[in-house]
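Engineer: take a look and give me a structure for this.
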Amino acid sequence: MTTALPRQTRPLPGLPTATEPAPRVDSLTGMRFIAAFAVFVHHFTGLSAQGGVAHAPLLFPYSTLGANGVGFFFVLSGFLLTWGHRPGTLARLFYWRRAGRILPAHLVATIPCVWVFYLWGGVPTDDFSFVASLFLAQTWFPGVVPTLPGNGVAWTLSVEAFFYLLFPFAIRGALRLRTRTLALIAGGGLVAMWLVKWWTAVHLSPFASEWIMRNPVSRLPEFGVGMACALALRRGYRFRLDPPVLLGCLAAYAVLYCHRTTWFGPQVAAQLLWTLRPFAALFAVLFIAAYVQRELTGRRGWLCSRPMVLLGLWSYAFYLLHQTVNRLILDTWGRPQPENSAVFTLLGVAVTVVALSWAMFTYVEEPARKWCARRTPGSWRRCVGTR
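Structural biologist: Residues are numbered from 1 along each chain as shown. Have a look, this model is predicted:
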């Protein structure tokens with residue numbers, strides 16, 4: 001399925017410089033929406049017939065794997081930041097751009113969430129937990145109320161913020177390392193994720209184990225895999241990857257995982273559970289590498305189509321808003337009996353969230369990004385490529 005040896009076919013561009021920006025890869029933008037939609041499906045159908053907005057037996061239990069869309073985001077974030085890195089970029093310029101990209105939409109999306117979850121819905125919380133969520137520090141504290149305070153899905157932004165903080169320093173070290181050394185470090189990070197999950201599951205409570213696995217430090221290996229992949233491709237490495245074959249392998253893995261408790265003994269079933277996140281990160285980086293290589297050699301597919309690119313641009317807003325809409329529907333109409341017709345409800349709600357996401361992107365996210373770009377000090381921009 002894969003070959004990590006260099007294969008000189010059509011050359012990829014070198015590491016970007018101050019005068020050579022990184023090439024845009026539209027297929028990765030389309031992938032962002034698929035990952036966000038997978039998380040939405042997981043939240044909509046729930047972890048059981050008693051969870052979510054409307055349970056569809058046709059989708060369950062495979063829909064539970066949609067939670068790993070957040071892992072894909074972490075891998076993709078590491079890849080894209082490394083792919084587009086320009087040597088000499090000041091750390092403060094990087095932080096300014098990231099803040100302008102994520103904070104305005106995060107703060108605006110929190111407003112309807114407060115009303116739906118806490119004022120109308122009556123979900124208990126406290127001032128410390130809510131303020132921690134606003135400043136994207138909630139994943140560092142195990143005692144916040146509820147477990148995912150503020151806009152619950154924003155816990156992933158807390159993880160992203162930690163990686164953003166480290167990235168200007170991590171990229172400098174990564175650029176000094178050989179590609180195979182980076183690959184070994186990235187692989188070792190995924191093994192560490194598995195071992196940490198194994199140890200916490202055996203020795204700690206389920207709550208403590210999940211808090212540790214949500215902690216930003218525990219998710220760093222996913223970013224690291226994305227960084228290593230981006231640098232490998234930039235340095236001319238090729239990976240013989242066929243997306244249909246990858247999709248078939250992912251489908252087979254999903255079947256094995258979802259039926260682990262009935263097909264395997266308890267020890268094998270537990271290992272499949274504990275290795276889920278590392279395997280999800282591995283599949284994510286393989287798909288990213290496959291589609292980047294296809295697009296840079298001129299093979300554009302449906303992920304590069306205008307509808308998918310637009311959906312990808314709106315995917316951040318989609319992710320921030322979807323759970324608030326889900327909760328509003330659940331509190332207004334209640335949870336229906338499990339039946340496959342819930343799939344049509346799911347699609348209708350998804351269209352609604354897409355429309356709201358378009359509005360968020362058009363009137364909040366993009367204007368805020370442009371506002372920050374216009375107010376970037378000129379001295380910061382002039383330093384790019386000079387160090």
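
Engineer: remind me which helix or strand L103 belongs to.
Structural biologist: Per DSSP states H and E, L103 falls inside helix 91-113.

Engineer: could I get the buried residue list for that helix?
Structural biologist: For helix 91-113, the neighbour count (16 or more other CB atoms under 10 Å) marks 93-94, 96-98, 100-106, 108-110, 112-113 as buried. Yep, even glycine has a C-beta here, placed from its N, CA and C like the rest.

Engineer: repeat for stretch 193-200
Structural biologist: Here stretch 193-200 shows 193-194, 196-198, 200 as buried, counting by 16+ other CB under 10 Å.

Engineer: go on, stretch 346-362?
Structural biologist: Buried residues in stretch 346-362 (16+ other CB under 10 Å): 346, 349-350, 353-354, 356-358, 360-361.

Engineer: what's the answer for stretch 49-57, then?
Structural biologist: For stretch 49-57, by 16+ other CB under 10 Å, it's 52-56.

Engineer: equivalent analysis for stretch 277-293, please.
Structural biologist: Quick answer for stretch 277-293 (16+ other CB under 10 Å): 277-293.

Engineer: of the residues you listed, which belong to helices?
Structural biologist: The helices, defined by DSSP state H, take in 277-293 from those.

Engineer: state the helix or strand in which A54 lies.
Structural biologist: Applying DSSP H and E, one finds A54 in no helix or strand.

Engineer: before we move on, the earlier item: among the buried residues of stretch 193-200, which one sits closest to I329?
Structural biologist: Each of these was checked against I329 using CB to CB; the closest is K197, at 32.9 Å.

Engineer: for the helix or strand harbouring the closest one, which helices and strands make contact with it?
Structural biologist: Per DSSP H and E: K197 is located in helix 179-203. Under the contact criterion of 3 or more CB pairs under 8 Å, 6 or more residues apart in numbering; DSSP states H and E, helix 179-203 touches helix 206-214, helix 216-234, helix 266-274, helix 276-296.

Engineer: show residues contacting that helix.
Structural biologist: 4, 174, 177, 208-209, 212-213, 218, 220-222, 224-225, 227-229, 231-232, 235, 237, 270-271, 273-275, 277-278, 281-282 (CB atoms under 8 Å, 6 or more residues apart in numbering).

Engineer: how far does that helix sit from its chain's centre?
Structural biologist: 19 Å (CA atoms, centre = their mean, to the nearest Å).

Engineer: report the central residue of this protein.
Structural biologist: F73 (1.7 Å; CA atoms, centre = their mean).

Engineer: and that one, what element?
Structural biologist: helix 69-83.

Engineer: repeat that for F60.
Structural biologist: Residue-wise, F60 maps onto no helix or strand under DSSP H and E.

Engineer: how close does it get to G173?
Structural biologist: Between F60 and G173 the distance is 43 Å, computed by CB to CB, to the nearest Å.

Engineer: more neighbours: which of those two?
Structural biologist: When neighbours are counted by other CB atoms under 10 Å, F60 and G173 differ, and F60 comes out ahead with 20 against 10.

Engineer: with that, I have no additional questions.
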